[in-house]
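J.: structure for this input, please:
(one chain, ligands or ions: 1)
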Amino acid sequence: MHDDTTRFMADVIEGLGASPKRLPPKYFYDAAGSALFLDITRLDEYYVTRAELEILGRYATDIASHVPAGAVLVEFGSGASTKIRKLLDALPRLTGYVPVDISVELLAQEADELHRDFPALPVWPIATDFTTEFALPAAATHSPKVGFFPGSTIGNFEPHEAEHFLACAAHTLGPGSAFIVGVDLEKSPATLHAAYNDAAGITARFNLNMLTRIRRELDAHIDPQGFRHHAFYNTDARRIEMHLVATRAQTVHVDGHSFQFADGESIHTENSYKYTPARFAELAARAGWQTEASWTDAQGLMSVHALRCRC
Ligand SMILES: C[S@@+](CC[C@H](N)C(=O)[O-])C[C@H]1O[C@@H](n2cnc3c(N)ncnc32)[C@H](O)[C@@H]1O
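T.: Alright, predicted model coming up:
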């Protein structure tokens with residue numbers, strides 16, 4: 001069995017055996033999940049992408065002023081690389097772009113397209129889990145580094161995991177590096193609820209695709225139709241929670257392991273933490289990053305932060 005499949009199997013068996021049951025959100029992103037996420041970013045209700053693109057467009061020059069000259073830009077969770085395209089025109093002196101993503105097919109496709117659209121920019125994709133240690137390309141060794149982590153993917157971490165991730169990123173990017181991070185902001189629960197429960201049901205399909213993937217890739221006995229999407233804002237924890245809720249009592253089988261579900265029992269698939277700019281700056285500071293500037297969109301829905309490594 002391929003290493004990635006072995007890891008996936010182990011994570012699924014551990015997560016479904018836990019109480020309460022859970023699955024890591026990184027497994028949303030097979031080819032189908034990545035395509036569904038792209039559809040989510042185009043939904044009226046999903047303000048995150050629209051608001052962040054507004055910030056990157058309006059403040060591109062300001063943001064660029066925090067990027068070291070001749071830098072290599074490392075994007076964590078680059079997905080469709082939509083947002084870097086917004087910044088590239090303002091960053092004429094980049095010496096390389098390193099998109100890092102777990103979604104292998106999308107990464108390869110976007111690297112090819114970027115190479116075609118920006119032939120002067122070396123593109124060095126890395127297909128890996130960004131929560132594990134990975135080496136940057138040797139060609140990037142002597143250039144200053146800037147990290148880019150848009151989409152509020154950082155909100156998918158528990159706050160202590162976000163802190164750990166930022167500390168590891170400081171190690172990967174090195175002394176004096178900059179980090180441009182998109183962070184979703186606290187807002188009305190009604191706006192949040194709509195964003196994760198779109199009328200067209202795309203977020204539900206994205207969530208349920210995790211089970212389709214488990215059935216296909218792990219040869220598991222699981223019926224995605226026996227589950228429904230459930231997303232709500234947990235006010236105390238300041239996070240959206242996504243769950244898959246069993247619509248009937250059932251037993252799921254994965255690699256010889258059996259997991260019993262009561263009717264209504266859920267699998268917790270994702271958190272999306274919301275911050276204030278000040279709370280995020282405090283978290284970043286604990287991980288060794290100083291906030292040099294931050295920007296929000298006109299409606300104050302989303303924020304982008306320019307951090308400097310104190311390492
Ligand atoms: C919420 S999407 C954001 C995509 C894009 N950056 C944006 O702003 O629209 C998260 C992205 O991170 C990738 N991703 C999620 N977990 C990951 C992990 N542990 N390691 C590497 N990539 C991951 C997904 O494949 C996806 O492209």
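
J.: OK, contacts around whatever residue of the stretch 1-150 of the chain ends up closest to the ligand?
T.: In the stretch 1-150 of the chain, no residue comes nearer to the ligand than residue 77, which is 2.5 Å away by Cβ to the nearest ligand atom. (C-beta placed from N, C-alpha, C; glycine too.) Contact analysis of residue 77 by Cβ atoms under 8 Å, 6 or more residues apart in numbering lists 100, 101, 102, 130, 149, 151, 153.

J.: now neighbour count, distance to residue 269 and secondary structure too, for those, in CSV please.
T.: Listed next are the contacts of residue 77 as CSV, based on neighbours: other Cβ atoms under 10 Å; distance: Cβ to Cβ, whole Å; DSSP: H, G, I helix; E, B strand; the rest coil:
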residue, neighbour count, distance to residue 269, secondary structure
100, 23, 22, strand
101, 26, 19, strand
102, 20, 15, coil
130, 22, 19, coil
149, 25, 21, strand
151, 23, 17, coil
153, 21, 15, helix
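
J.: what's the closest of those residues to residue 85?
T.: Residue 85 lies nearest to residue 151 out of those, by Cβ to Cβ, at 13.8 Å.

J.: show me where this protein has helices.
T.: 3-17, 31-41, 47-58, 60-64, 82-88, 104-117, 159-173, 189-196, 202-217, 277-286 (DSSP state H).

J.: ok, back up a step: so what does the residue of the stretch 1-150 of the chain closest to the ligand have for phi and psi?
T.: Backbone torsions of residue 77, given as degrees, to the nearest 10, read phi 70, psi 50.

J.: ok and the residue in the stretch 201-311 of the chain nearest the ligand?
T.: Relative to the ligand, the nearest point of the stretch 201-311 of the chain is residue 272 (8.7 Å; Cβ to the nearest ligand atom).

J.: I figured that residue was touching residue 203, is that so?
T.: No: Residue 272 is beyond contact range of residue 203, at 11.0 Å (criterion: Cβ atoms under 8 Å).

J.: please enumerate the shared neighbours of those two.
T.: In contact with both residue 272 and residue 203: 196, 242, using Cβ under 8 Å, 6+ apart.

J.: ends of stretch 229-244, what's the gap?
T.: 5 Å (Cα to Cα, to the nearest Å).

J.: same check on stretch 265-281?
T.: The first and final residues of stretch 265-281 sit 37 Å from each other (Cα to Cα).

J.: how much distance is there from it to the middle of the chain?
T.: The chain centroid and the centroid of stretch 265-281 are separated by 12 Å under Cα atoms, centre = their mean, to the nearest Å.

J.: now stretch 57-70
T.: 22 Å.

J.: also stretch 159-170?
T.: 14 Å.

J.: identify the residues contacting it?
T.: 76, 130-131, 133, 147, 149, 154-155, 157, 177, 179, 273, 283-284, 286-289, 307, 309, 311.

J.: which residue packs closest to residue 227, ignoring adjacent ones?
T.: Using Cβ to Cβ, 6 or more residues apart in numbering and skipping residues adjacent in sequence, the residue nearest residue 227 is residue 244, 4.4 Å away.

J.: surely the one you found touches residue 206?
T.: No: applying Cβ under 8 Å as the test, residue 244 and residue 206 come out as separate, 11.1 Å apart.

J.: OK, contacts around the residue in the stretch 101-250 of the chain that the ligand sits nearest to?
T.: Minimum separation of the stretch 101-250 of the chain from the ligand (Cβ to the nearest ligand atom) falls at residue 151, amounting to 2.4 Å. By Cβ under 8 Å, 6+ apart, the residues touching residue 151 are 48, 49, 52, 77, 79, 83, 182.
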